[in-house]
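1. here you go, sequence then predicted model.
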Amino acid sequence: MEREPVTEASRDTATAGPDITEAEHQVTLHAERPVVEKETVPVERVRLGTEKVTDEHEVSETVRKEQIEEPGPHSDPDRPAR
């Protein structure tokens, strides 16, 4: 008895052959393999709504402001920038 694995290249010839007689024969063995797939299907629709709310709050805080001065033709080059 000789065993030979079936490959993609030999798949067509593995399923062909003569009828069984008293002569030498080849039999192709089959195996079952599970096939698992994932499928994306719609199951639910979600809708978001908005509600406009107007409210007033008094806020107080000290505000800082930064300035950058670019040296120009009339500026003092020895004076540090603020």
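-> Cool, the structure landed.
2. tell me the secondary structure at the residue nearest the centre of the chain.
-> With distances taken as CA atoms, centre = their mean, the chain has T40 as the residue nearest its mean C-alpha position (13.9 Å). For T40, the assignment made with DSSP: H, G, I helix; E, B strand; the rest coil gives coil.
3. again with T13
-> For T13, the assignment made with three-state DSSP gives helix.
4. what's the local residue count around it?
-> T13 sits with 11 neighbouring residues when counted by other CB atoms under 10 Å. In short, each C-beta sits where N, CA and C put it, glycine included.
5. where's it relative to V6, distance?
-> Computed with CB to CB, to the nearest Å, the distance linking T13 and V6 is 9 Å.
6. one more: G72?
-> Applying CB to CB, one obtains 85 Å for the distance of G72 from V6.
7. neighbour-wise, which of these two wins?
-> For G72 and V6, the more surrounded residue by other CB under 10 Å is V6, and the numbers stand at 14 against 6.
8. test my guess that the more buried one contacts T28.
-> Yes: with contact defined as CB atoms under 8 Å, V6 counts as touching T28 (6.9 Å).
9. mind listing the shared neighbours of those two?
-> A shared contact of V6 and T28, defined by CB atoms under 8 Å, 6 or more residues apart in numbering, is any residue touching both; here these are A14.
10. count of residues packed around A14?
-> Close neighbours of A14, defined as other CB under 10 Å, add up to 15.
11. pretty sure it contacts V6?
-> Yes: between A14 and V6 there is a contact at 4.6 Å, judged by CB under 8 Å.
12. coming back round to it: kindly state the pLDDT recorded for the residue nearest to the centre of the chain?
-> On pLDDT, T40 comes in at 88.
13. that one and T13: what is the separation?
-> In this structure, T40 lies at 39 Å from T13, with CB to CB as the measure.
14. what does E22 give?
-> Using CB to CB, E22 is found at 23 Å from T13.
15. same thing with E2?
-> If you go by CB to CB, the gap between E2 and T13 works out to 15 Å.
16. also D55?
-> According to CB to CB, D55 and T13 sit 80 Å apart.
17. also K52?
-> Here the criterion is CB to CB. By it, K52 lies 74 Å from T13.
18. quick one on the thing from earlier: give the residues shared as contacts by A14 and V6.
-> Between them, A14 and V6 have T28 as joint contacts when contacts are counted by CB under 8 Å, 6+ apart.
19. good, wrapping up.
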